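Participant: sequence-free structure coming up:
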């Protein structure tokens with residue numbers, strides 16, 4: 001049965017600036033460690049002009065019983081209903097350049113029809129690049145620079161990437177399917193996944209949001225505004241984490257172990273050409289590199305003792 005994808009989506013406005021604009025997207029409901037992606041969306045709404053230009057029919061996409069919207073009761077009547085919204089907004093960056101943001105709940109149903117509808121919008125507005133973003137939990141310390149996995153529909157679109165995965169199967173998600181289908185259609189799409197320390201994945205982690213904003217700026221050239229409040233929040237969260245670590249020897253030991261692992265891998269990788277071309281090494285290659293690093297460090301300690 002052929003179903004018109006436009007039956008899911010309504011174009012609300014046709015501003016000329018939408019034509020040729022980059023499309024960013026973030027869907028609530030799948031993995032977002034540290035609320036990194038949600039933080040980006042909140043930041044954009046706070047700092048950028050935004051106007052709805054398209055909306056999706058959530059009655060066809062959302063399971064209301066699994067994510068019950070709020071109803072407000074006032075004294076003797078129902079006074080408000082917070083209907084879920086899946087909307088494309090036209091926004092402007094600090095240099096007045098237009099871009100698009102698709103955000104709202106991840107569809108529960110009709111993923112393929114939803115993806116077809118987004119692809120129709122991409123074609124309709126001649127979108128040159130689609131970009132999604134999220135946070136993922138990783139065994140890394142909060143005291144080191146946050147890494148980021150960059151993936152794309154063409155190798156030429158991948159930047160600043162040191163792969164940590166060779167091949168891995170994860171639960172399906174609508175944003176990932178969108179990127180995959182766009183690639184099948186020959187369209188440019190990028191995904192950014194910032195590495196969030198696994199022990200802070202349940203809290204709001206502004207440092208991860210700031211890392212995603214940096215990645216979006218690099219990938220798209222958008223002049224996304226900075227936010228002093230976000231920096232203040234980052235500093236406060238970092239201070240709170242440091243205080244908690246200092247109060248627990250057990251937690252401190254975990255962080256110290258992660259720091260040692262992070263530093264060992266980073267130092268070994270910097271001297272190993274196999275990572276410079278973006279290729280993920282095999283387990284044997286990683287082991288050899290790590291052994292080489294340890295041997296070099298031991299030689300340095302022996303030289304100090306001899307002196």
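Facilitator: Great, that's in hand. This structure is a prediction, so every number in the text was calculated from the model and none was measured.

Participant: most centrally placed residue in this protein?
Facilitator: For the chain, the residue nearest the mean C-alpha position is residue 134 (2.1 Å; Cα atoms, centre = their mean).

Participant: A helix includes that residue, no?
Facilitator: No - checked against DSSP: H, G, I helix; E, B strand; the rest coil, residue 134 lies outside a helix; its state is strand.

Participant: so it sits against residue 28, correct?
Facilitator: No - contact between residue 134 and residue 28 fails when scored by Cβ atoms under 8 Å: they sit 10.5 Å apart. (C-beta placed from N, C-alpha, C; glycine too.)

Participant: give me the distance between residue 12 and residue 18.
Facilitator: Residue 12 is 11 Å from residue 18, where distance means Cβ to Cβ, to the nearest Å.

Participant: between the two, tell me which one has more neighbours.
Facilitator: Set side by side, residue 12 and residue 18 show more neighbours around residue 18, with 23 against 13, by other Cβ atoms under 10 Å.

Participant: per-residue confidence at the more buried one?
Facilitator: We have a pLDDT of 97 for residue 18.

Participant: in which helix or strand does residue 45 reside?
Facilitator: Assessed by DSSP states H and E, residue 45 sits inside helix 36-47.

Participant: name the helices or strands packed onto that helix?
Facilitator: strand 22-28, strand 98-105, strand 130-138, helix 206-220 (3 or more Cβ pairs under 8 Å, 6 or more residues apart in numbering; DSSP states H and E).

Participant: okay if I get the ones you listed as a markdown table plus distance to residue 55?
Facilitator: Below are those laid out as a markdown table (distance: least, Cβ to Cβ, whole Å):
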| stretch | distance to residue 55 |
| --- | --- |
| strand 22-28 | 14 |
| strand 98-105 | 9 |
| strand 130-138 | 18 |
| helix 206-220 | 23 |
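
Participant: so for residue 193, which of the ones you listed sits nearest?
Facilitator: In terms of Cβ to Cβ, the element of the helices and strands packed on helix 36-47 nearest to residue 193 is strand 130-138, at 4.7 Å.

Participant: grab the nearest non-local neighbour of residue 47.
Facilitator: residue 225 (4.1 Å; Cβ to Cβ, 6 or more residues apart in numbering).

Participant: which strand or helix spans that neighbour?
Facilitator: Here residue 225 is assigned to no helix or strand, by DSSP H and E.

Participant: that one reaches residue 94, doesn't it?
Facilitator: Yes - between residue 225 and residue 94 there is a contact under Cβ under 8 Å: 4.6 Å.

Participant: who has more neighbours, those two?
Facilitator: residue 225 (15 against 12).

Participant: ok, that one to residue 74 distance?
Facilitator: 38 Å.

Participant: what do you get for residue 133?
Facilitator: For residue 133, the distance to residue 74 equals 38 Å [Cβ to Cβ].

Participant: compare neighbour counts for these two and give me the winner.
Facilitator: Ranked by neighbour count (other Cβ under 10 Å), residue 133 and residue 74 place residue 133 first, with 27 against 8.

Participant: so for the more buried one, what's the pLDDT?
Facilitator: 98.

Participant: now do residue 263
Facilitator: For residue 263, pLDDT reads 85.

Participant: go on, residue 249?
Facilitator: For residue 249, pLDDT reads 85.

Participant: ok, residue 58 next?
Facilitator: Reported pLDDT for residue 58: 96.

Participant: residues in contact with it?
Facilitator: Applying Cβ atoms under 8 Å, 6 or more residues apart in numbering, we find residue 58 in contact with 83, 84, 85, 86, 104, 105.

Participant: one more time with 6 Å
Facilitator: 84, 86 (Cβ atoms under 6 Å, 6 or more residues apart in numbering).

Participant: before we move on, the earlier item: wait, which of the helices and strands packed on helix 36-47 is closest to residue 171?
Facilitator: Among the helices and strands packed on helix 36-47, strand 130-138 sits nearest to residue 171 (Cβ to Cβ), with 12.2 Å.

Participant: residues contacting the closest one, please?
Facilitator: 23-25, 31-34, 36-37, 40, 175, 182, 189-196, 198, 201, 208, 212, 219.

Participant: ok, and what's touching stretch 250-266?
Facilitator: 140, 141, 144, 245.

Participant: what about the second one, distance to residue 109?
Facilitator: If I follow you right, that is residue 141. The gap separating residue 141 from residue 109 is 40 Å, by Cβ to Cβ.
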